[in-house]
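> quick one: sequence plus predicted model below, questions after.
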Amino acid sequence: MSDQQGWTYTSENGVYAADKFTTEGKSSFILLLETDKELGTLRKTIAKLEMAVRGFNEVILEQLTDDMLVEEEAAEEPVQSDSHEI
């Protein structure tokens with residue numbers, strides 16, 4: 001697999017030439033690279049989604065008015081259940 005020519009793998013023990021890996025090692029190295037790329041994509045997606053959530057919250061906060069407030073007393077009342085299960 002000449003795809004890994006020039007690629008290196010760094011561990012606590014040193015830097016290793018990926019083109020000298022065993023077949024299994026080369027396959028794992030390719031999967032490691034693909035997985036790392038996928039994680040980068042997911043991190044970007046998460047960042048976009050977090051920005052969207054902040055934006056949605058901002059829109060909601062901007063439209064809130066006092067007449068939308070729930071009275072404290074009503075909000076604290078326990079919900080009655082018709083169920084008689086124990």
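Now that the structure is in, tell me what you want to look at.
> report whether residue 15 is found in a helix, as I expect.
No - applying DSSP: H, G, I helix; E, B strand; the rest coil, one finds residue 15 to be strand, outside a helix.
> quick one: residue 44 and residue 14, what's the gap?
In this structure, residue 44 and residue 14 are separated by 32 Å, where distance is defined by Cβ to Cβ, to the nearest Å. Every C-beta, even on glycine, is put in place using the N, C-alpha and C of the backbone.
> longest helix in the chain, please.
For the chain, the helix that runs over the most residues, judged by DSSP state H, is helix 23-63.
> do me a favour and average the pLDDT over stretch 60-76.
Confidence for stretch 60-76, expressed as mean pLDDT, is 87.
> how far does it sit from its chain's centre?
Centroid displacement of stretch 60-76 relative to its chain, using Cα atoms, centre = their mean, to the nearest Å, is 32 Å.
> what is the neighbour count of residue 26?
Neighbourhood size, residue 26 [other Cβ atoms under 10 Å]: 17.
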